[in-house]
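In: kindly generate the corresponding structure for this input.
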Amino acid sequence: MSEDLTQQVKEEVARVSALPLEEQPAAFAAIRDQLERTLNSDEDSSSSRQGE
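Out: As a prediction, the model looks like this:
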């Protein structure tokens with residue numbers, strides 16, 4: 001993970017941690033979804049480069 005992405009995640013986790021408890025599950029799920037999309041896009045680009 002790039003340092004920039006790591007910093008963004010840290011900031012977002014800190015922000016979500018400050019939210020009321022009832023809002024945190026959805027906010028943490030949004031972070032998880034973003035991380036999954038990032039990881040999947042990295043895997044896809046790695047796979048396409050290996051085929052070259």
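
In: residues contacting the residue sitting nearest the centre point of the chain?
Out: Per Cα atoms, centre = their mean, the C-alpha nearest to the average position across the chain is that of residue 35, at 2.4 Å. When contacts are counted by Cβ atoms under 8 Å, 6 or more residues apart in numbering, residue 35 is found next to residue 9. Bear in mind the C-beta positions are built from the backbone N, C-alpha and C, glycine included.

In: tell me which element it is part of?
Out: helix 24-50 (DSSP states H and E).

In: quick check: mean pLDDT across that helix?
Out: Throughout helix 24-50, pLDDT has a mean value of 86.

In: would you mark the buried spots in stretch 39-47?
Out: Of the residues in stretch 39-47, none has enough neighbours to count as buried (16 or more other Cβ atoms under 10 Å).

In: can you dump the C-alpha atoms of that stretch in PDB for me?
Out: The C-alpha atoms that make up stretch 39-47 are tabulated as PDB, following Å, rounded to 0.1, in the frame of the first residue of the first chain:
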ATOM      1  CA  LEU A  39      -6.800  -4.000  -3.900                       C
ATOM      2  CA  ASN A  40      -8.900  -5.500  -6.700                       C
ATOM      3  CA  SER A  41      -7.900  -2.800  -9.200                       C
ATOM      4  CA  ASP A  42      -4.200  -3.300  -8.200                       C
ATOM      5  CA  GLU A  43      -4.600  -7.100  -8.800                       C
ATOM      6  CA  ASP A  44      -6.300  -6.500 -12.100                       C
ATOM      7  CA  SER A  45      -3.500  -4.200 -13.300                       C
ATOM      8  CA  SER A  46      -0.900  -6.700 -12.100                       C
ATOM      9  CA  SER A  47      -2.600  -9.500 -14.000                       C
END
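
In: pretty sure residue 19 contacts residue 26?
Out: No. Taking Cβ atoms under 8 Å as the definition, residue 19 is not a contact partner of residue 26, at 9.3 Å.

In: who's more crowded, these two?
Out: residue 19 (13 against 10; other Cβ atoms under 10 Å).
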